[in-house]
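*Asks:* coords below, sequence missing:
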């Protein structure tokens, strides 16, 4: 049965509304609806009417769902790549950028800030000339966070400040941008400013029910107090963040909290508590397949055992660390080989295209030359004909 044009337009509107709803609430863990079911239905309808822009946006939202709700990073990357290819075919620069920035979030959260920076810089270029776009605060928050994690504080501060300046709605992104700026000032020893910004951020994020952002700022306030030499107060805030993250089972963020808390216990001399949180972090890192996090965990565990004079246990942990680092090195080398092969393939395709163009150009030139010869012959014949007719 053929669908009427009115019904197709109505379906497109519903698909767009579903995508907008989930995209704008992606930092909220607790929903009054099922976001995965909503986007699943929207994707079915988009595929039914071959609405490619709608399909691509559904794929991108499903990628974020796989990352935040399912903790399935491989699926998340696969979906985002599919979305990017569709946006590329459609020539949609804004959503190509949003897809790259989404991939950058995933890479940065899973402990690969260099890869995140590469993706982020590719994505942010669109927004450099589109500062009135509603997604600017999100994009600039991601870039600021990546630079902060790489200890490039000048660049991080620039992105956070521009994001705040251009967030006209003063919504959750304002809170997260203020949190980022607070982190920078804390790193630079400006702790009073850092605390003031963090508390302002916390108020906004709680008002907006942004649970990921709220847990992040609580953890960050703890980090500020840690730098300020108050580990007791630091642990109070970090435990609040951990409790919130446990409540909503956001595993990648639970893992971050466990590591932060374990490190404070280690630095304050409580090796038993530090090991307790380290071991829980180890199990969670294995469960969620985050090998780069395991490197940090095993180094901290080995330090705990050495401090406690348990050298055999320390050696066992070092053996685990060696296995992980060897595997990561192997994967890194394999990725570089893949990148090289991809580059060579593109260069080969470009050379083939260039040769085709050269051949085509030569053919055009040959045709033009033949055409000229034919026209010259015609003109010469006409002149002879005109001379004969006149005589």
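*Replies:* Nice, thanks for sending it over. What you are looking at is a predicted structure, and each value in this text was computed from that prediction instead of being measured.
*Asks:* how close does residue 66 sit to residue 34?
*Replies:* 15 Å (Cβ to Cβ, to the nearest Å). Glycine gets a C-beta too; all of them are placed from N, C-alpha and C.
*Asks:* Mind checking which of those two has more residues around it?
*Replies:* residue 66 (21 against 10; other Cβ atoms under 10 Å).
*Asks:* confidence score at that one?
*Replies:* Turning to residue 66, the model gives it a pLDDT of 89.
*Asks:* any idea which helix or strand carries it?
*Replies:* Using DSSP states H and E, residue 66 maps to helix 52-68.
*Asks:* cool, and residue 147?
*Replies:* Here residue 147 is assigned to helix 136-149, by DSSP H and E.
*Asks:* how about residue 198, what does it touch?
*Replies:* 178-179, 182, 217, 220-221, 224 (Cβ atoms under 8 Å, 6 or more residues apart in numbering).
*Asks:* now do residue 330
*Replies:* By Cβ under 8 Å, 6+ apart, residue 330 has no neighbours at all.
*Asks:* quick check: mean pLDDT across the helix or strand where it lies?
*Replies:* Residue 330 is part of helix 311-390 when elements are defined by DSSP H and E. Average pLDDT, helix 311-390: 68.
*Asks:* again, but for stretch 279-298
*Replies:* Stretch 279-298 comes out at a mean pLDDT of 88.
*Asks:* What of stretch 236-254?
*Replies:* pLDDT averaged over stretch 236-254 gives 90.
*Asks:* same deal with stretch 88-106?
*Replies:* On average, stretch 88-106 scores 94.
*Asks:* Which positions in it come out as buried?
*Replies:* Within stretch 88-106, the residues scored as buried using 16 or more other Cβ atoms under 10 Å are 92, 95-106.
*Asks:* What is the nearest of those residues to residue 71?
*Replies:* residue 106 (11.2 Å; Cβ to Cβ).
*Asks:* so who does that closest one touch?
*Replies:* 67, 73, 76-77, 80.
*Asks:* In helices, which of those residues appear?
*Replies:* 67, 73, 76-77, 80 (DSSP state H).
*Asks:* And residue 71, its phi and psi?
*Replies:* phi 60, psi 30 (degrees, to the nearest 10).
*Asks:* you'd agree it is up against residue 290?
*Replies:* No - counting by Cβ atoms under 8 Å, residue 71 stays clear of residue 290, with 9.3 Å between them.
*Asks:* And the contacts of stretch 179-191?
*Replies:* Residues contacting stretch 179-191 (Cβ under 8 Å, 6+ apart): 141, 144-145, 148, 151, 153, 156-157, 160-161, 164, 193-195, 197-198, 201, 205, 213, 216-217, 220, 223-224, 227-228.
*Asks:* Report the separation between the closest residue to residue 228 other than its chain neighbours and residue 376.
*Replies:* Nearest residue to residue 228 in three dimensions, chain neighbours excluded: residue 191, at 4.9 Å (Cβ to Cβ, 6 or more residues apart in numbering). Distance, residue 191 to residue 376, by Cβ to Cβ: 87 Å.
*Asks:* These two: who's more crowded?
*Replies:* residue 191 (17 against 10).
*Asks:* Could you verify my assumption that residue 123 touches residue 95?
*Replies:* No - the criterion here is Cβ under 8 Å, and residue 123 misses it with residue 95 at 10.3 Å.
*Asks:* Low-confidence regions, the stretch 1-150 of the chain specifically.
*Replies:* 1, 27-32 (pLDDT under 70).
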